[in-house]
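Visitor: Test case, fold it:
(chains A and B)
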2 protein chains.
Amino acid sequence: MSKAVREADNGKVRIADSFWSRIQEKVIDIVIPFQEKVLNDEVPGVAKSHAIENFRIAAGLSRGEFYGMVFQDSDVAKWLEGVAYSLTVKPDPGLEERADDIIDIIEKAQQPDGYLDTYFIVKEPQHRWQNLHECHELYCAGHMMEAGVAYAEATGKKKLLHVVERLADHIIDRFGPEEGKEHGIPGHQEVEIGLMKLYRATGKEKYKDMARYFLEERGKNPDYFYQEKLKRGWQHWGQYSTEALDVSYNQAHRTVYEQEEAVGHAVRALYMYTAMADLAGTDGDKRLYQACRRLWDNVVDKKMYITGGLGGNSEGEAFSGNYELPNDMAYAETCASIAMVFFAHRMLETEPDGVYADIIEKELYNSTISGMQLDGKKYFYVNPLECEPGVSGELFGYKHSLPVRPGWYACACCPPNLVRLVTSLGKYCWSESDSVIYSHLMIGQSAQLEKADVTVETKYPWEGETVYTVMPRTAEAFTFAIHIPCYVNLDDERVSLTVNGERLDIREREKKGYVYITRKWEAKDAVALRFPMEVRKAYANQHVRENAGCVALLRGPVVYCFEGVDNGETIQSLRIPKELKAEAYLCEEGVLKGNVLLKMEGFRMVGSEALYSEKPPVKEKAQLTAIPYYTWANRGENQMRVWMQESV
Amino acid sequence: MSKAVREADNGKVRIADSFWSRIQEKVIDIVIPFQEKVLNDEVPGVAKSHAIENFRIAAGLSRGEFYGMVFQDSDVAKWLEGVAYSLTVKPDPGLEERADDIIDIIEKAQQPDGYLDTYFIVKEPQHRWQNLHECHELYCAGHMMEAGVAYAEATGKKKLLHVVERLADHIIDRFGPEEGKEHGIPGHQEVEIGLMKLYRATGKEKYKDMARYFLEERGKNPDYFYQEKLKRGWQHWGQYSTEALDVSYNQAHRTVYEQEEAVGHAVRALYMYTAMADLAGTDGDKRLYQACRRLWDNVVDKKMYITGGLGGNSEGEAFSGNYELPNDMAYAETCASIAMVFFAHRMLETEPDGVYADIIEKELYNSTISGMQLDGKKYFYVNPLECEPGVSGELFGYKHSLPVRPGWYACACCPPNLVRLVTSLGKYCWSESDSVIYSHLMIGQSAQLEKADVTVETKYPWEGETVYTVMPRTAEAFTFAIHIPCYVNLDDERVSLTVNGERLDIREREKKGYVYITRKWEAKDAVALRFPMEVRKAYANQHVRENAGCVALLRGPVVYCFEGVDNGETIQSLRIPKELKAEAYLCEEGVLKGNVLLKMEGFRMVGSEALYSEKPPVKEKAQLTAIPYYTWANRGENQMRVWMQESV
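Guide: The predicted structure is shown next:
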């Protein structure tokens, strides 16, 4: 096995999509400028960031103290990466110039030996590299590498790329398996992703080797962080203690080859899996790919909310036990769902299997974008599947789970992560091998690929029709492969695949979730995929305690939910009929305009006033409305549920 | 309104009951001696108590430092109170002698001014009475008063009674509404109960007045604790801060007349309500009784688990919001259910209304005794209605909710509280007014009451037949009133009330949950109450999110639950049929021997292996077994649920 495909060039994809263009616009017009102001401390009422000022001080351009989290630098890096992608979506010379200026400062802040972390440069120079467990130096480095690579790809300007090469070289000098080097590993994985990207951008094997080192060293010595703590004798967070650490939180409890269950902090885990999958594909490393697949299967088969949410345990923002998926207490961090897209993307490059594209779709249309208010102005970090005002965000166990998006956090991880996802959608739409163009997602666009220009027209996810117009760049035959979502029933007569109107046998051409069409392509050859969009009911595995007796509704990749504002009070008393007839309709007004909503006849259980009664509740007919999950909490604080009791 | 009835003399009731005698035996033979050893630091492996040693040191009989919680003294007080009741149930001269010895030490520890709290006598004499909010001096005083009264009643020995009178006088000297006195209130209510008992034992109005003062002062100045904190400038728990306090935790946010919702720490609240009800009845204070009734209604109608559990919020061991009753995260402290018995008992004395006796029954047969392992050796503080091994006791949100009883805690509140409840059952069985004997509970016994000796024969709660044999002490006519549990349907022909075999019209004689029989009683007049014992289904109010689609099973006062050990794995996949035919049978072997269990034909939903599937689960027939809730977790760690999905 070797990396089957190449990633699409985000800069050569122009999204023009009824669903995504609006969201790209919001992140480019609202989130990026807002975050820029935050980084520059220009937003009254938002916690001081000081992140750019920290670089200025480190560069000797300004005087003052470091301020912020130990990982404050990563906010600048993530913003720059987002800016890079956004410049490919919507050029903005003023923004580019300001980003260039910040990169100049970063370059000046870098130390002669290549070290770059303003917390330690400014505040604790004597403590550099002593606390990999807590202090995020490698994490910040990884994000800066991603930014350097993205910025070079987007603008052709290599200043930041050279900065991060020097930084990576510094890291390689210090860490590694060789005698005399520190056998360190990062407390928060991320540098592995950065190193893999740096390898691809520069072609220098040493960066890939370093990524492999960090991945393979992990868990070899489960006491590494504990020994590091005893050695340095101080703690960054909390008091110093000589207690051993639970390093399953950091996925350092055993080697990546021995990890069979997804545990600990979900984002750390998924960043690690992403780098593992990237390396497995790049090196054709079957053993590592198997390790990835074991973890993938555990996540997808036992630890994922139906929305794509990841992390059932708010303590440690972590994966919970198998099937332990509380709806109202979910952590389901926006960043974890974004990280799952990264992971799936790398798995897909290694083996074009529809299961990966299906998860990318699930994440994109549900638990990632639910993080952003429809107007782009406020953000959820936590994406629960049930909300109860007065409980959510207030009571013990639920304090993390807010009923409305609160705006910008001091720890600003999710909004910039959403920015970089949404502005780099092109990467996730396509990959190419020497002989195949793979279409993974149905998103309206024109894309300049290696073998062809392809225009995609679609109203997905609301309608099940997508037309690809192919303008080949080669007279040679090649294969065009299109992902068919897992919910499409290929035995349904209404499902059709045509080339220039001529129907192909879809069953015959389908393999692992893709249909393959090989031919000598002519200009304007039109491939059309059509399938019915129906409201589907999903049932959870019987091991999931929370969903006993419940169903969730989906249409296409979109998971639906019920809110109090549409359905009245005590939405837990509503019932979905066993024989459901739901009507999908386009919402034409209000904040949900443009979304397809569902209406249906259901029931409301009307019971006794008493707290407990022997009188069974009575079933009354009720008109119910469901909305796309990602649009919840856009109409004020109210009840919300994804999983509804079924009436039978 | 004035106190309608007098409390029964516990010493004149001899319980001889197939259900309760075993439990009394366990607490007398196992819990009391075990706690005695703990108090004397004679149990290896149990956290050091030092509680008696603290008194010795305070008395000058030993040298050393204070050790333990700031409320360590209360462990000795609660043990002595339990010993007092147990001596009336089962005389034990050795135990009595050892208790006398401890009382001698306590007397010597008391300071010349009447002050008695070993923490402050030994450790921080300069800080006496400066931290009512946190330091439990009044709480410990209240428990010592209850012990002094109980010990005098049980043994006729008044040494401890005199100690607590001097202590109460000292408190009266220091606190009160008068100018020059501190307008203090306790951080943890309890002294009010002790003062009311002291009033009844001594007839001295000043103690009742002081109870009224503490109750009525509460909430008048909601900032009292905050001002106290600023004044003293130190904190007992945690760091000193100048932040204002949330005094709804202590029910000090408004006056008792203005409190309409049960909030904060459940045990504190219920101890306060108990004293309020006692005072309301004693003084015939209608306004105070109304205040009690408002809080009662809120608790019973909106905040009580079907098991009688109280406290839906483990943070603060507190009441949660109305209808917010999570089953697996319940706090439902054993002590809170015991406190609810105290509250109901005082309400019942004020107004003989079956609603109070019904709650006493609910608590006695469910959420109080569930706190004790069937062998008397281990204890739950938390009594959840759902248990999931691997989650309960382990994950965030569930850490308080253990899957098996763990034994003795460092903070030993619940076991001694259970001791004093179970050994004083006689108090709760009867009350008497000048003209009426009220029977509140159906417990086998012989009782010497004022107007008659009554022998009660019954197999309750397993069978619905109770025979009272009356031996009157007076030739005058009097009324015998028997509580009919709320679940008995008086329209059912099978329900009968007879005197010497002659059927009475039960409907005509029933008023607020009691049937009244007035006659000139002859020796051996036999009153028999018979009603069918059927398995009943209960439905929760639609506002209770957790119980949507669910039913709970009851038989008599006993709530049932389902455990994995009887029903296989994933008990959330089981379904109770809408048309339930459950068979009750006496368990004849194993640890559950002597309990009536239920077996029934139900269903198991068998679904896809996938985490989510569009294939509806299939309903398969399954034999289900339910056991009394109080007996759960006696057969190892396994799943448990009270509320089960109904199949329809």
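Visitor: Next, the contact list for the residue nearest the centre of chain A, please.
Guide: The residue lying closest to the centre of chain A (Cα atoms, centre = their mean) is A:Ile338, at 0.6 Å. By Cβ atoms under 8 Å, 6 or more residues apart in numbering or on different chains, the contact set of A:Ile338 is A:Glu363, A:Thr368, A:Cys414, A:Asn417, A:Leu418, A:Leu421. Yep, even glycine has a C-beta here, placed from its N, CA and C like the rest.
Visitor: can you tell me which two in these are farthest apart?
Guide: A:Glu363 and A:Cys414 (13.5 Å; Cβ to Cβ).
Visitor: who has more neighbours, those two?
Guide: Using other Cβ atoms under 10 Å in any protein chain shown as the criterion, A:Glu363 and A:Cys414 rank with A:Glu363 on top: 28 against 24.
Visitor: Tell me which helix or strand the more buried one sits in.
Guide: Applying DSSP states H and E as the criterion places A:Glu363 in helix A:354-365.
Visitor: Show the secondary-structure elements that that helix is packed against.
Guide: Under the contact criterion of 3 or more Cβ pairs under 8 Å, 6 or more residues apart in numbering or on different chains; DSSP states H and E, helix A:354-365 touches helix A:334-350, helix A:425-429, strand A:478-483, strand A:558-563.
Visitor: Show me what residue of the stretch 351-500 of chain A gets nearest to chain B.
Guide: A:Phe396 (3.2 Å; Cβ to the nearest Cβ).
Visitor: now the helices: where do they sit in the stretch 251-400 of chain A?
Guide: Assigned by DSSP state H, counting those that start in this stretch, the stretch 251-400 of chain A shows helices spanning A:266-283, A:286-302, A:334-350, A:354-365.
Visitor: Name the residues of the first one that are buried.
Guide: Neighbour counts over helix A:266-283 (16 or more other Cβ atoms under 10 Å in any protein chain shown) mark A:266-282 as buried.
Visitor: any idea how far the residue in the stretch 1-150 of chain A positioned nearest to chain B is from A:Pro415?
Guide: With Cβ to the nearest Cβ as the measure, A:Ala47 is the residue of the stretch 1-150 of chain A nearest to chain B, at 19.9 Å. A:Ala47 sits 14 Å away from A:Pro415, going by Cβ to Cβ, to the nearest Å.
Visitor: These two - which one has more neighbours?
Guide: A count of neighbours by other Cβ under 10 Å puts A:Pro415 above the other of A:Ala47 and A:Pro415, at 29 against 14.
Visitor: wait, A:Ile360 sits on A:Phe342?
Guide: No: the pair A:Ile360 / A:Phe342 is not scored as a contact, 9.5 Å apart, by Cβ atoms under 8 Å.
Visitor: Now do the contacts for A:Met144.
Guide: A:Asp73, A:Ser74, A:Ala77, A:Ile106, A:Leu116, A:Leu160, A:Val163, A:Val164, A:Leu167, A:Gly194.
Visitor: Buried ones among those residues?
Guide: A:Asp73, A:Ser74, A:Ala77, A:Ile106, A:Leu116, A:Leu160, A:Val163, A:Val164, A:Leu167, A:Gly194.
Visitor: Quick check: closest non-adjacent residue to the third one.
Guide: If I follow you right, that is A:Ala77. With sequence-adjacent residues excluded and distances taken as Cβ to Cβ, 6 or more residues apart in numbering or on different chains, A:Ala77 is closest to A:His143, at 3.7 Å.
Visitor: circling back to that earlier point, what's the spacing between the residue of the stretch 1-150 of chain A closest to chain B and A:Ile105?
Guide: Distance, A:Ala47 to A:Ile105, using Cβ to Cβ: 22 Å.
Visitor: Same question for A:Ser62.
Guide: Here the criterion is Cβ to Cβ. By it, A:Ser62 lies 9 Å from A:Ile105.
Visitor: Could you pull out the strands in the stretch 351-500 of chain A for me?
Guide: Secondary structure of the stretch 351-500 of chain A by DSSP state E, counting those that start in this stretch: the strands cover A:386-387, A:430-432, A:436-439, A:445-448, A:452-458, A:465-472, A:478-483, A:496-499.
Visitor: follow-up on the earlier one: the contacts of A:Met144 in helices, which ones?
Guide: Within these, residues falling in helices by DSSP state H are A:Asp73, A:Ser74, A:Ala77, A:Ile106, A:Leu160, A:Val163, A:Val164, A:Leu167, A:Gly194.
Visitor: and of those, the nearest to B:Tyr323?
Guide: Checking the ones in helices among the contacts of A:Met144 against B:Tyr323 with Cβ to Cβ, the nearest one is A:Ser74 at 42.9 Å.
Visitor: Need the nearest residue in space to the closest residue to chain B within the stretch 151-300 of chain A, chain neighbours excluded.
Guide: Relative to chain B, the nearest point of the stretch 151-300 of chain A is A:Val300 (7.1 Å; Cβ to the nearest Cβ). Closest residue to A:Val300 apart from its sequence neighbours, by Cβ to Cβ, 6+ apart: A:Ile359 at 6.5 Å.
Visitor: Give me the pLDDT for that neighbour.
Guide: Note on A:Ile359: pLDDT of 98.
Visitor: Tell me the spacing between it and A:Met196.
Guide: A:Ile359 is 20 Å from A:Met196, by Cβ to Cβ.
Visitor: same question, A:Ser435
Guide: Between A:Ser435 and A:Met196 the computed distance is 25 Å (Cβ to Cβ).
Visitor: who does the helix or strand hosting A:Thr518 pair up with?
Guide: According to DSSP H and E, A:Thr518 maps onto strand A:514-519. Strand pairing for strand A:514-519, determined by DSSP bridges: strand A:478-483 (antiparallel), strand A:510-511 (antiparallel).
Visitor: Helix or strand for A:Arg22, just tell me which one.
Guide: Here A:Arg22 is assigned to helix A:20-26, by DSSP H and E.
Visitor: quick check, distance from that helix to the centre of its chain.
Guide: Counting by Cα atoms, centre = their mean, to the nearest Å, helix A:20-26 is centred 16 Å from the centre of its parent chain.
Visitor: Wait, A:Tyr151 touches A:Val164, no?
Guide: No: at 9.7 Å, A:Tyr151 does not count as touching A:Val164 under the criterion of Cβ under 8 Å.
Visitor: Now do the helices in the stretch 501-648 of chain A.
Guide: A:506-509, A:564-567.
Visitor: Comparing these, which comes out most buried?
Guide: A comparison of these by mean neighbour count, using mean count of other Cβ atoms under 10 Å in any protein chain shown, puts helix A:564-567 on top with a mean of 19.
Visitor: contacting residues around it?
Guide: Defining contact as Cβ under 8 Å, 6+ apart, one finds that helix A:564-567 is touched by A:Ile571, A:Leu574, A:Ala622, A:Leu624, A:Thr625, A:Ala626, A:Ile627, A:Arg635, A:Gly636, A:Asn638, A:Gln639, A:Met640.
Visitor: Filter the residues you listed down to the ones in strands?
Guide: Using DSSP state E, the subset of the contacts of helix A:564-567 located in strands is A:Leu574, A:Ala622, A:Leu624, A:Thr625, A:Ala626, A:Ile627, A:Met640.
Visitor: so can I have JSON lines of those residues showing neighbour count, distance to chain B and pLDDT?
Guide: Output for the ones in strands among the contacts of helix A:564-567, formatted as JSON lines (neighbours: other Cβ atoms under 10 Å in any protein chain shown; distance: Cβ to the nearest Cβ, whole Å; pLDDT from 0 to 100):
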{"residue": "A:Leu574", "neighbour count": "21", "distance to chain B": "9", "pLDDT": "98"}
{"residue": "A:Ala622", "neighbour count": "17", "distance to chain B": "12", "pLDDT": "98"}
{"residue": "A:Leu624", "neighbour count": "25", "distance to chain B": "15", "pLDDT": "98"}
{"residue": "A:Thr625", "neighbour count": "18", "distance to chain B": "19", "pLDDT": "98"}
{"residue": "A:Ala626", "neighbour count": "28", "distance to chain B": "16", "pLDDT": "98"}
{"residue": "A:Ile627", "neighbour count": "23", "distance to chain B": "20", "pLDDT": "98"}
{"residue": "A:Met640", "neighbour count": "26", "distance to chain B": "12", "pLDDT": "98"}
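Visitor: of all those residues, which comes closest to A:Glu333?
Guide: Distances from A:Glu333 to these, taken by Cβ to Cβ, are shortest for A:Met640, at 17.6 Å.
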